[in-house]
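Asker: give me the fold of what follows.
(2 chains)
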Amino acid sequence: MSADVKTENKHDGETRRDFMQILAAAFGGLGGIAALLPLINSLNPAKDTLALATVEVDVSDVPVGQSKTVMWRGKPVFIRHRTEEEIKSAADVDVHSLTDKQSDDQRVQKPEWLVVVGVCTHLGCIPQGQKPSENHGDYGGWFCSCHGSQYDTSGRIRKGPAPKNLHVPPYEFVSDTTIKIG
Amino acid sequence: MASGTREEFDHPVVEWIDSRLPIFTMLQKEYGVFPTPKNFNYFWNFGAIAMVMLMIMILTGIILAMHYTADTKLAFDSVERITRDVNGGWLLRNIHMNGASFFFIAVYIHMFRGIYYGSYKRPRELLWILGVVIFLLMMATAFIGYVLPWGQMSLWGATVITNLFSAIPFIGDQIVTLLWGGFSVDNPTLTRFFALHYLLPFVIFAVVFLHIWALHITGSNNPLGIDVKGPQDTLPFNPYYTYKDMFGIVVFMVIYSLFIFYMPDSLGHPDNYIPANPLVTPPHIVPEWYFLPFYAILRAITFNMNLYMLAGLAMLAVFMVEFIWRHNPKYLNKSQGVALALIGSALALFGLIGDANQGWAIPLTAAENAPIPAKLGGVLAMFGSIGLLVILPWLDNHPIRSARFRPYFRVFVILFTVSVCILGYAGSQPADKVYLSMCVDSAQACAEHGASHGAEHAAEAKMLKFDNTMLAQAFTGFYFLFFLIILPLLSRFEKGKELPVSIHQAVLDKQKKAGA
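Answerer: Predicted coordinates for the structure are as follows:
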């Protein structure tokens, strides 16, 4: 052993022991970080929180031109029964002039039903515009009063600080009048 | 602290303890005879006041935690119960919720003192940085604490602030989900915030200990900003400053009590007395007053940083490092520097114009491809505005500390303080509030617009407007200008006034003047 140490001493005074110490410290450090992972992971959404991830909504009671708000994963989802003019104005927009370039048919399954998560993509406020009496902004959709973002009748961002269109959740039509979100 | 020879105490019990754990020797050294500059003004009270505020917050907080329930169904009611039913609960709660504001008042004055008298300069850089760490921890603690009553502002303030982290590229959304423990600010968020709100004050306490430790290594700065040269410049901390601090604390407590007893809700927001409702956002979300300047900076960045702007800013940064921070440019000569600055400014301006006019479709200016979208830009600017405080000792390396002997620095520090207050005002107002507007359309269109003013649908006319966003942008610009351009320029070119020979001499001269 002592002979080994002597021969390795030739390189800048580095010894086998220095190497072992660095290795031990690095291994201990990695182990410490690995031990933190279960602690951090426990802060991720729990199973019961994840279990609330689908809802079924009956939309037969929503007349044309009206909207309905349902809760999904603790967030409101806006379901809008769009009028002919609203569908037309959403489809007529030049996609290249948009901040977040999406055409209307990429955002809906049936043109008369728009389903979007009602959370402003800027900083998470709930935009106004679900009731006819509320401010719909300049584009006939929703208006976020927190920082002035305006969405059109397809839930696309048209003006203001929000970077993205209103998020379209995964959903499917279980029947003509029932939507399953999630 | 235990090294060196120890003087014996007369009292046998004190001596018995001190010979085993020299805690009395330490107190005597650090708080009894500790040599302290003899020319402190009242600005030097605020460190001690902040310390007292921290202790008040911890004490009342521990008791309040015994009555509080961290559950979204019960939190609001448990806080109301503290106010109405718990014996003296109204008092504890008023002390605690106004205490946050008064802690920040004390700390903001303490920070102003540090900047005005150059307390962050060598050899106190680390002391200053520890102070900034305390400030950051305080902001986190205060923000989390405001969530606990689970009113409308609690929920929506938490929603807006936690959503800031979603601006981080690639992993932002995962981080936000991890913070929430779900898909929105909800019960898991509340319980972890409560745990952190209980923990962080003790972390603050530990960093305050380091802050004071570092202070006792370098000794205090003083209003003249010159070094202590000998015993004639100082006084023992006790009784001179123990009593002066106590006087300051009493005055501060009187003002604090006025709020606790006569206007406990004046610094809060009435919307927080509405129970949290995840389906309704209050029309106007405002943070607590002590966050307003930073909130204004966050909202001021309404433009996307595209490649032109990044390239332009990088060129300007090189110019700044070469010609302002370095005393002798290393890589560039003068004409190259001027060219770099001009091209950089032109590129940045071009990028800004391209971003504002998406319809023109200038290549590489499309908003969705910008490397730093507006949201991320706002978050970076907000954290950057605090980050600048960390590097302040190196941005301002003028040899003179105190603004008393730096005529230009003094003016700019006062302007800076005023501009932070204006930013605070801007942060409290809606983003689209218009201060000034001027019609720049044809005379007829203007007349029609004027006639229909205030009507539901005012006649369209081209208007030049000065709104709240522009106000915030102007003063955000000054904030960064102050740190990044003005301070480095001043440290290079400002000629200071003549410094006094010593603290002792300055005190004597002042007395002579007063006597004559």
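
Asker: which residue does the stretch 1-150 of chain B bring closest to chain A?
Answerer: Taking CB to the nearest CB as the measure, the stretch 1-150 of chain B has residue B:72 as its residue closest to chain A, at 10.1 Å. In this view, the C-beta of every residue, glycine as well, is placed from N, C-alpha and C.

Asker: around chain B, pick out the residues from chain A.
Answerer: Contact residues (CB under 8 Å from any CB of the partner chain) of chain A with chain B: A:40, A:43-46, A:49, A:69, A:71, A:73-76, A:96-97, A:99-101, A:119, A:122-127, A:144-148, A:161-163.

Asker: what's the weakest-modelled helix or strand in chain B?
Answerer: Sorting the helices and strands of chain B by mean pLDDT, DSSP states H and E puts helix B:443-451 at the bottom, at a mean of 73.

Asker: report the buried residues of it.
Answerer: Of the residues in helix B:443-451, those with enough neighbours to count as buried (16 or more other CB atoms under 10 Å in any protein chain shown) are B:446, B:448, B:449.

Asker: in the top helix by length along chain B, what's buried?
Answerer: Counting residues, the longest helix in chain B under DSSP state H turns out to be helix B:187-218. By neighbour count, and taking 16+ other CB under 10 Å as the criterion, the buried residues in helix B:187-218 are B:187-190, B:192-194, B:197-198, B:200-201, B:204, B:207-208, B:211, B:214-216.

Asker: ditto for stretch A:75-85
Answerer: Judged by neighbour count using 16+ other CB under 10 Å, the buried positions of stretch A:75-85 are A:75, A:76, A:77, A:78, A:79, A:80, A:81, A:82.

Asker: could you dump those to JSON lines with secondary structure?
Answerer: Written out in JSON lines, the entries for these read as follows (DSSP: H, G, I helix; E, B strand; the rest coil):
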{"residue": "A:75", "secondary structure": "strand"}
{"residue": "A:76", "secondary structure": "strand"}
{"residue": "A:77", "secondary structure": "strand"}
{"residue": "A:78", "secondary structure": "strand"}
{"residue": "A:79", "secondary structure": "strand"}
{"residue": "A:80", "secondary structure": "strand"}
{"residue": "A:81", "secondary structure": "strand"}
{"residue": "A:82", "secondary structure": "coil"}
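
Asker: any chance of these in a markdown table, with pLDDT and distance to residue B:300 too?
Answerer: As requested, these are exported to a markdown table (pLDDT from 0 to 100; distance: CB to CB, whole Å):
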| residue | pLDDT | distance to residue B:300 |
| --- | --- | --- |
| A:75 | 87 | 28 |
| A:76 | 90 | 29 |
| A:77 | 92 | 32 |
| A:78 | 93 | 30 |
| A:79 | 92 | 36 |
| A:80 | 91 | 33 |
| A:81 | 91 | 39 |
| A:82 | 91 | 36 |
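
Asker: how about the longest helix of chain B, does it reach chain A?
Answerer: Yes. Using CB under 8 Å from any CB, helix B:187-218 reaches chain A at B:188, B:192.

Asker: show me what counts as buried in the following helix or strand past that helix.
Answerer: Once the chain leaves helix B:187-218, the next helix or strand it forms, by DSSP states H and E, is strand B:234-236. By neighbour count with 16+ other CB under 10 Å, strand B:234-236 contains the buried residues B:234, B:235.

Asker: sketch out the low-pLDDT regions of the stretch 51-200 of chain B for me.
Answerer: For the stretch 51-200 of chain B, not a single residue meets the criterion pLDDT under 70.

Asker: tell me where it has helices.
Answerer: Taking DSSP state H, counting those that start in this stretch as the criterion, the stretch 51-200 of chain B contains helices spanning B:75-84, B:89-116, B:125-147, B:152-163, B:172-180, B:187-218.

Asker: so which helix or strand takes in the closest residue in space to residue B:405 that isn't next to it in sequence?
Answerer: If you skip the residues right next to it in sequence, residue B:405 has residue B:497 as its closest partner in space, 4.3 Å away by CB to CB, 6 or more residues apart in numbering or on different chains. Using DSSP H and E, residue B:497 sits within no helix or strand.

Asker: ditto for residue B:491
Answerer: Take DSSP H and E as the rule and residue B:491 turns out to sit in helix B:487-493.

Asker: what's next to that helix, contact-wise?
Answerer: B:320, B:324-325, B:327, B:392, B:395-398, B:406, B:408-409, B:412 (CB atoms under 8 Å, 6 or more residues apart in numbering or on different chains).

Asker: now swap in stretch A:157-168 and tell me
Answerer: Outside stretch A:157-168, the residues that touch it by CB under 8 Å, 6+ apart are A:78, A:98-100, A:102, A:107, A:115-122, A:127, A:137-139, A:141-142, A:144, A:147-152, A:154-156, B:299, B:302, B:367-368, B:373-375, B:378.

Asker: again, only using 6 Å
Answerer: Contacts to stretch A:157-168, defined as CB atoms under 6 Å, 6 or more residues apart in numbering or on different chains, come from residues A:99-100, A:102, A:107, A:116-117, A:120-122, A:139, A:147-152, A:155-156, B:302, B:373-375.

Asker: of those residues, which belong to strands?
Answerer: A:116, A:117, A:150, A:151, A:152 (DSSP state E).

Asker: enumerate the residues of chain B near chain A.
Answerer: The interface of chain B toward chain A, taken as CB under 6 Å from any CB of the partner chain, is made up of B:159-160, B:163, B:178, B:181-184, B:186, B:279, B:281, B:283, B:285, B:302, B:359, B:367, B:373-375, B:431-432.

Asker: which PyMOL command selects the buried ones in these?
Answerer: A single PyMOL command is used to select the members of the residues of chain B next to chain A judged buried by 16+ other CB under 10 Å:
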select buried, chain B and resi 159+160+163+181+182+183+184+186+281+285+302+367+373+374+375+431
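
Asker: tell me what angle the longest helix along chain A forms with helix B:172-180.
Answerer: Ranked by residue count, the top helix of chain A under DSSP H comes out as helix A:16-41. Interaxial angle of helix A:16-41 relative to helix B:172-180 (axes from the mean of the first three to the mean of the last three CA atoms, to 10 degrees): 70 degrees.

Asker: may I see the buried residues of helix A:16-41?
Answerer: Of the residues in helix A:16-41, none has enough neighbours to count as buried (16+ other CB under 10 Å).

Asker: and the next element down the chain from that helix?
Answerer: Remark: after helix A:16-41, the chain's next helix or strand is helix A:47-51, criterion DSSP H and E.

Asker: quick one: contacts of that next one?
Answerer: Here helix A:47-51 has contacts from residue B:182, using CB under 6 Å, 6+ apart.

Asker: specify the local secondary structure of residue B:39.
Answerer: Three-state secondary structure (criterion: three-state DSSP) places residue B:39 in coil.

Asker: next one: the longest helix of chain A to chain centre, how far?
Answerer: Chain-centre distance of helix A:16-41: 35 Å, with CA atoms, centre = their mean, to the nearest Å.

Asker: can you give me the mean pLDDT across that helix?
Answerer: Mean pLDDT, helix A:16-41: 93.
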